[in-house]
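S.K.: With the sequence up front, the predicted model follows.
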Amino acid sequence: MLQEASIVGLVKIIGIILLIYYGVKILSRLFAPFLLRYVTKKAEEKFGGQFRQQRTQPPKREGEISIDKMPKQKQSNKNVGDYVDYEEID
């Protein structure tokens, strides 16, 4: 059985597409604040967790100095060559 395309079928499909489009648009306006609130809450928990990890270190007294990492000692090479003093000639 073959079906033929008709104007009525085309109008139905366009109507369904428009209903779905506007339905999603209306539902997104209703649920966007909840979704946004959820995303910001998760971001706050993530950044708050990082902040809490930093705060777990014991507080330092005023004027106290602490070094977390010692810098590497740079070794100079004494065999780099001779220093030549020169004068410019005009």
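M.R.: In hand now; what should we look at? Since the structure is predicted, the reported quantities are computational estimates derived from the model, not experimental observations.
S.K.: Please count neighbours and contacts with C-alpha atoms only from this point.
M.R.: Will do.
S.K.: And F31, its phi and psi?
M.R.: Main-chain torsions, F31, degrees, to the nearest 10: phi -100, psi -10.
S.K.: which regions of this structure sit below the pLDDT cut-off?
M.R.: For the chain, the stretches flagged by pLDDT under 70 are 1-2, 50-59, 71, 75-78, 80-81, 90.
S.K.: Please enumerate the helices of this structure.
M.R.: Secondary structure of the chain by DSSP state H: the helices cover 7-55.
S.K.: list the contacts for the residue most central in space within the chain?
M.R.: The chain has A43 as the residue nearest its centroid, 10.2 Å off, counting by Cα atoms, centre = their mean. Counting by Cα atoms under 8 Å, 6 or more residues apart in numbering, A43 makes contact with nothing.
S.K.: can you tell me how far it sits from I14?
M.R.: Separation of A43 from I14 (Cα to Cα, to the nearest Å): 40 Å.
S.K.: Only the buried residues of stretch 3-13, if you could.
M.R.: By neighbour count with 16 or more other Cα atoms under 10 Å, stretch 3-13 contains no buried residues.
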